[in-house]
Each structure stands twice: as C-alpha cells, then as structure tokens.
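> sequence and predicted structure below; questions after.
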Amino acid sequence: MLLAAIPSPSVNGFHLGPLYIHFYGLMYVVGIALAVYLGRRRWQAAGGDPELVDEVAMWGVPFGILGGRIYFDLTTPKDIPPHWWGPLAVWDGGLGIWGGVALATVVCVWRLRRAGASVAGMMDALAPCLLIAQAVGRIGNYFNQELFGGPTSLPWGLEIDPAYRPAGYLHNATFHPTFLYELIWNLLLAALLIRLGRSGRIRAGGLFPLYVAGYSAFRVFEESLRVDYSQYFLGLRLNFYIAAAVALAGAVWFVLLQRRPPHPPKTAPAPAPAAGSAGEARH
C-alpha cells in the first residue's frame with residue numbers, strides 16, 4: 001500500500017476574463033522572467049551592462065520557443081494536435097529543450113558580437129539562470145500531466161489520470177515524476193555552476209558547456225524512465241541518443257576549453273626609429 005502519492009492536478013489553467021491561461025505557459029513566463037532578473041544581476045556583477053541581458057532575452061526567447069517547437073514537431077509528430085494550428089500549439093506542451101537552446105544560442109551570439117560584448121562572459125552569466133528557468137518550467141509539465149516515467153510504488157509516485165496514460169499502462173495508478181526529478185537536478189546543477197564560477201578555477205565560457213553536459217547527462221537517465229510517446233531507434237527513445245551525444249559534446253567542449261593555452265599578453269608595438277637615425281647610421 002502506498003504511504004503517499006503526488007495527486008494529479010484537477011485543472012491545467014484558469015480563466016482570466018475571456019482568456020484561458022494555461023499553467024504550462026505561465027510557468028515558462030515566470031521562469032524566463034526569473035532568468036532575466038538573475039542574469040541581469042550576474043552580468044552586472046561581472047562588469048557588464050544589465051540592459052544587454054534584456055536585449056539578448058528579447059531576441060533569444062522567441063527564437064528559443066520557435067526552435068523548441070520545431071524540435072518537438074520533428075521528433076514527436078504523433079503528439080501534434082490534429083488541427084491546422086497544431087504545429088504551433090505550445091500551450092498544450094511540447095518544447096524540445098535542445099532545439100530551443102540551440103537556436104536561441106545562435107541568435108544571441110550574433111547579437112552579442114554585433115554589440116561587441118563578451119560572448120563567453122554572457123554565456124557564463126546565463127548558464128545557471130537557464131537551469132533555473134527550466135526548473136520552473138517543469139512545474140507546467142505537472143499541470144499538463146506529462147513528462148512522467150514508468151509505474152512505481154514509491155511514496156512520491158505521481159498519480160496520472162487514465163486519459164493521460166499511454167497504452168499498456170491503463171491499470172497503473174502512480175508513475176515516476178520525472179519532471180520533478182529534473183526540476184531538482186536543474187536547481188542542484190545551477191547551484192554547482194554558481195559555486196564553480198565563484199571559485200575562479202573555470203575559464204571564461206566554461207560554465208555553459210558544463211550546463212550542456214550536466215543537463216544532457218541527466219536526460220540520459222530521465223529518458224530511460226519515461227514511457228510517454230517518443231520515436232524509438234534500436235529499442236531506445238530517440239531523445240536518449242540525442243541526450244548522450246549532446247552530453248558527450250558538452251564534456252569535450254569543456255575539456256578543450258580548459259586545456260586551451262592562455263592567450264599571450266598583448267605587447268605594445270616597438271617604437272618607430274627617430275627621423276634621421278637611419279641617415280646617421282650610414283655616416
């Protein structure tokens with residue numbers, strides 16, 4: 001008999017006048033706002049202009065949502081609602097983190113270079129903030145009754161309504177709350193990155209590949225638990241392979257960055273010889 005269980009939510013949003021606000025989208029808005037706030041503070045502490053974080057967010061957030069949705073549509077086409085607006089229905093859930101981070105990073109790097117700012121410094125400042133935003137966003141998965149693992153009798157098992165259970169699991173009542181596991185991991189990893197950044201032992205730009213590697217490594221574990229719909233390859237979820245590949249790429253990126261020899265200090269050019277000195281040497 002279960003000692004306890006996490007109950008399933010009775011609703012996934014609320015009415016605000018004529019609008020229906022989905023908790024999934026609301027949690028992402030809260031997470032993004034918190035990431036911008038913390039990013040401004042971290043970037044300012046590093047000597048940067050906090051207004052630049054606002055500009056980066058203004059470009060990165062919409063492109064991140066676009067990249068996340070494109071990734072979701074390509075990797076889980078069966079979960080796209082059967083309507084003309086289905087591929088865009090982010091309010092029903094469905095944002096692939098790797099697609100979102102990849103496209104947002106490309107756009108933000110472009111903006112930072114145009115502004116003449118330090119790309120490595122900004123990436124270090126934002127890496128823990130992204131993890132915190134993702135942790136808050138995972139609360140939205142709870143209200144959508146998604147991102148859960150296989151059946152479990154653990155005390156923290158998650159109740160899932162029958163309508164949301166995949167085929168073959170209709171007689172199971174509680175499941176691994178993998179969204180909660182990831183939420184906790186993201187916060188722990190964010191705290192670790194902040195601590196490493198303050199230690200001074202990580203080179204500039206090193207926190208971002210650690211974020212990529214650390215988050216993706218946990219997703220390898222998470223994908224081994226999940227039972228919701230996914231594309232499969234050789235008996236494993238497609239995201240399992242992607243997570244493993246991205247984790248490895250992030251680890252290699254970090255190691256190469258740490259082993260890169262420091263740039264030699266710039267020296268002032270040698271002064272030009274005084275006028276007439278060459279003529280004097282000829283006499």
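Yep, it's here.

> could you use CA atoms for every contact and neighbour count after this?
OK.

> okay, and the beta partners of the closest residue to Tyr169 other than its chain neighbours?
Among residues not flanking Tyr169 along the chain, Pro151 sits closest, at 7.9 Å (CA to CA, 6 or more residues apart in numbering). Bridge pairing for Pro151 (DSSP bridges) gives the partners Phe175.

> so what's Leu211 scoring on pLDDT?
Actually, residue 211 is Tyr rather than Leu. pLDDT recorded at Tyr211 is 96.

> from the contact counts, what lies against whichever strand or helix holds it?
Using DSSP states H and E, Tyr211 falls within helix 207-223. Judged by 3 or more CA pairs under 8 Å, 6 or more residues apart in numbering; DSSP states H and E, the packing partners of helix 207-223 are helix 119-143, helix 178-199, helix 238-259.

> single out the most deeply packed of those.
Comparing the helices and strands packed on helix 207-223 by mean neighbour count (mean count of other CA atoms under 10 Å), helix 119-143 ranks first with a mean of 23.

> for the closest residue to Tyr164 other than its chain neighbours, what are its contacts?
Among residues not flanking Tyr164 along the chain, Gln145 sits closest, at 6.6 Å (CA to CA, 6+ apart). Counting by CA atoms under 8 Å, 6 or more residues apart in numbering, Gln145 touches Ser8, Pro9, Ile160, Asp161, Tyr164.

> would you show me how to pick out the buried ones of those residues in PyMOL?
Paste this into PyMOL to select the buried members of those, with burial taken from 16 or more other CA atoms under 10 Å:
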select buried, resi 160+161
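
> show me which of the contacts of Gln145 is closest to Ala133.
Comparing the contacts of Gln145 against Ala133 with CA to CA places Pro9 closest, at 21.5 Å.

> check which helix or strand covers that closest one.
Going by DSSP H and E, Pro9 is not part of any helix or strand.

> in the stretch 151-283 of the chain, where is pLDDT below threshold?
Counting by pLDDT under 70, the stretch 151-283 of the chain shows low-confidence ranges at 261-283.

> now render the contacts of Gln145 as a markdown table, adding distance to Ala115.
Converted to a markdown table, the contacts of Gln145 look like this (distance: CA to CA, whole Å):
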| residue | distance to Ala115 |
| --- | --- |
| Ser8 | 47 |
| Pro9 | 45 |
| Ile160 | 48 |
| Asp161 | 50 |
| Tyr164 | 47 |
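
> what's the farthest-apart pair in the contacts of Gln145?
Maximum distance among those (CA to CA): 11.8 Å, for Pro9 and Tyr164.

> contacting residues around Ala33?
Here Ala33 is in contact with no residue (CA under 8 Å, 6+ apart).

> am I right that it sits in a strand?
No - assigned with DSSP: H, G, I helix; E, B strand; the rest coil, Ala33 falls outside any strand and is helix.

> and it, how far from Ile80?
Going from Ala33 to Ile80 by CA to CA, to the nearest Å gives 27 Å.

> equivalent analysis for Phe254, please.
Taken as CA to CA, the span from Phe254 to Ile80 is 36 Å.

> now Arg69
Per CA to CA, Arg69 is found 10 Å from Ile80.

> okay, those two: which has more neighbours?
Neighbour count, other CA atoms under 10 Å: between Arg69 and Ile80, Arg69 has more, with 23 against 19.

> does the nearest residue to that one once chain neighbours are set aside count as helix, strand or coil?
Computed as CA to CA, 6+ apart, the closest residue to Arg69 that is not its neighbour in sequence is Leu95, at 4.9 Å. Classification of Leu95 by three-state DSSP places it in coil.

> quick one: Leu95 and Phe72 touch, right?
Yes - between Leu95 and Phe72 a contact is recorded at 5.7 Å, counting by CA atoms under 8 Å.

> now do the nearest residue to Ala190 once chain neighbours are set aside, the pLDDT please.
Once flanking residues are discounted, Ala190 sits nearest to Pro128: 4.4 Å by CA to CA, 6+ apart. Note on Pro128: pLDDT of 96.

> equivalent analysis for the one 5 residues further on, please.
In this prediction, Ala133 carries a pLDDT score of 94.

> that one reaches Ile32, doesn't it?
Yes - proximity of Ala133 to Ile32 meets the contact threshold set by CA under 8 Å, at 5.6 Å.

> all strands for the stretch 1-150 of the chain, in order.
For the stretch 1-150 of the chain, the strands defined by DSSP state E, counting those that start in this stretch cover 13-16, 19-22.
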